[in-house]
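Visitor: Sharing a model that was predicted from the sequence below.
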Amino acid sequence: KAPHWGHWLRQIELSDPKGEVVMSGAEGKPLLVLSREGKGRVALLASDQAWLWDRGYDGGGPQLELLRRIAHWEMKEPELEEEALYAEIDPGALSMTIVRRSMKDDVPPASVTLPDGTTQDVPLSQTAPGRFTARWTAPGPGLYTLKDGDLERVVAMGPASPREFEQTIASGEPMAKAIAASGGAVTRLEEGIPRIHKMAAGRATSGRGWIGITPRGARTTTDIRVQPVLPAWAWLLLAALLTLGAWMIEGRGRRAA
């Protein structure tokens, strides 16, 4: 059942209003018109009696919510955009509902860009006035980009708690076997930066406030390349030019003397 909103007692007649008529008043005439002008927005309410709703006249109405939404739309509040594209992700799953909100009667398919760069076109069907949706299942976790014209939205698909966030406190337990086999140890920096000592092979490598390293003297040279700055003929040419320049400078000095 549609809600009953009280009547207003005065409505200004608009002549050929520019923009989208989102509310109609008496005799179906425009009551609220929204328009985009350049980078700004304009809302025209063809009455000065919205206060009657707040007073409860004839049952009243959502006066505060109406004026709040008008102001937030003019300030470009994302939730009130009439042209919007977003996704509702199912918790713990790789599926989502792609939602396209529009004032148009029909919208093109939404383009989905997968993490590997490939794209898929997902057709949208109207499920409510101004709302077009589609259910889509991702092939795997990652970042997916939804796009429709100038509208673009990035969606993260995957578990709510990735492995790197399951255990955020540092622990040496995962490496305990490898550390024991190599004679190493785990030292926490919260206890202070440990001193470093050189230890002989087979000696203990850690203690209270210190850790030891065993110099192995092992090194590997993977590649050596020697490349001259200039080829030999270039050096010869440079030397000849310098010699010629010095001879000419000297000759000018003698003539001047």
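Guide: Right, received. Where do you want to start? Residues are numbered from 1 along each chain as shown.
Visitor: Surely residue 137 is in contact with residue 90?
Guide: No: counting by Cβ atoms under 8 Å, residue 137 does not reach residue 90; the two are 9.4 Å apart. Just so you know, the C-beta spots here come from the backbone N, C-alpha and C atoms, and that holds for glycine as well.
Visitor: can you list the domains in this protein?
Guide: Domain segmentation of the chain under the TED database yields 20-75, 84-157, 169-213.
Visitor: In TSV: those, plus distance to residue 13, mean pLDDT and mean neighbour count.
Guide: Shown next, in TSV, are the domains of the chain (distance: least, Cβ to Cβ, whole Å; pLDDT from 0 to 100; neighbours: other Cβ atoms under 10 Å):
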stretch	distance to residue 13	mean pLDDT	mean neighbour count
domain 20-75	6	90	14
domain 84-157	24	90	14
domain 169-213	69	81	11
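Visitor: check contacts around residue 122.
Guide: 98, 109, 110, 111, 112, 134, 136 (Cβ atoms under 8 Å, 6 or more residues apart in numbering).
Visitor: which residues are in contact with the helix or strand hosting residue 233?
Guide: For residue 233, the element it lies in under DSSP states H and E is helix 232-256. By Cβ under 8 Å, 6+ apart, the residues outside helix 232-256 that reach it are residue 230.
Visitor: closest to residue 125 among the contacts of residue 122?
Guide: residue 134 (6.7 Å; Cβ to Cβ).
Visitor: Give me the contact list for the helix or strand that the closest one is a member of.
Guide: According to DSSP H and E, residue 134 maps onto strand 131-137. Strand 131-137 is contacted from outside by 94-102, 107, 110, 112, 122-127, using Cβ under 8 Å, 6+ apart.
Visitor: Among those residues, which lie within helices?
Guide: Per DSSP state H, helices hold no members of the contacts of strand 131-137.
Visitor: can you tell me which of the residues you listed are in strands?
Guide: 95-101, 110, 112, 122, 125-127 (DSSP state E).
Visitor: I'd like those residues as CSV, with distance to residue 47 appended.
Guide: Shown next, in CSV, are the ones in strands among the contacts of strand 131-137 (distance: Cβ to Cβ, whole Å):
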residue, distance to residue 47
95, 45
96, 41
97, 38
98, 38
99, 32
100, 32
101, 27
110, 38
112, 44
122, 42
125, 37
126, 31
127, 32
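Visitor: circling back: which element follows the strand holding residue 134 toward the C-terminus?
Guide: Heading C-terminal from strand 131-137, the first helix or strand you meet, by DSSP H and E, is strand 142-148.
Visitor: now the following helix or strand past that following strand, how far from the chain's geometric center?
Guide: The first helix or strand that comes after strand 142-148 along the chain, using DSSP H and E, is strand 151-157. Distance, stretch centre to chain centre, for strand 151-157: 8 Å (Cα atoms, centre = their mean, to the nearest Å).
Visitor: what's strand 151-157 packed up against?
Guide: The helices and strands touching strand 151-157, judged by 3 or more Cβ pairs under 8 Å, 6 or more residues apart in numbering; DSSP states H and E, are strand 84-89, strand 142-148.
Visitor: Relative to that strand, what are the paired strands and their orientations?
Guide: Looking at strand 151-157 with DSSP bridges, its partner strands are strand 142-148 (antiparallel).
Visitor: Need the residues that contact the strand it pairs with.
Guide: Residues contacting strand 142-148 (Cβ under 8 Å, 6+ apart): 85-87, 98, 100, 107-108, 110-115, 138, 152-158.
Visitor: Can I get that strand in CSV? Just the C-alpha atoms.
Guide: Extracted in CSV, the C-alpha atoms of strand 142-148 (Å, rounded to 0.1, in the frame of the first residue of the first chain):
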residue,chain,number,x,y,z
GLY,A,142,41.0,-10.6,-6.9
LEU,A,143,40.1,-7.0,-8.0
TYR,A,144,37.4,-6.6,-10.6
THR,A,145,36.5,-3.4,-12.3
LEU,A,146,32.8,-2.6,-13.3
LYS,A,147,32.3,-0.1,-16.0
ASP,A,148,29.4,1.5,-17.9
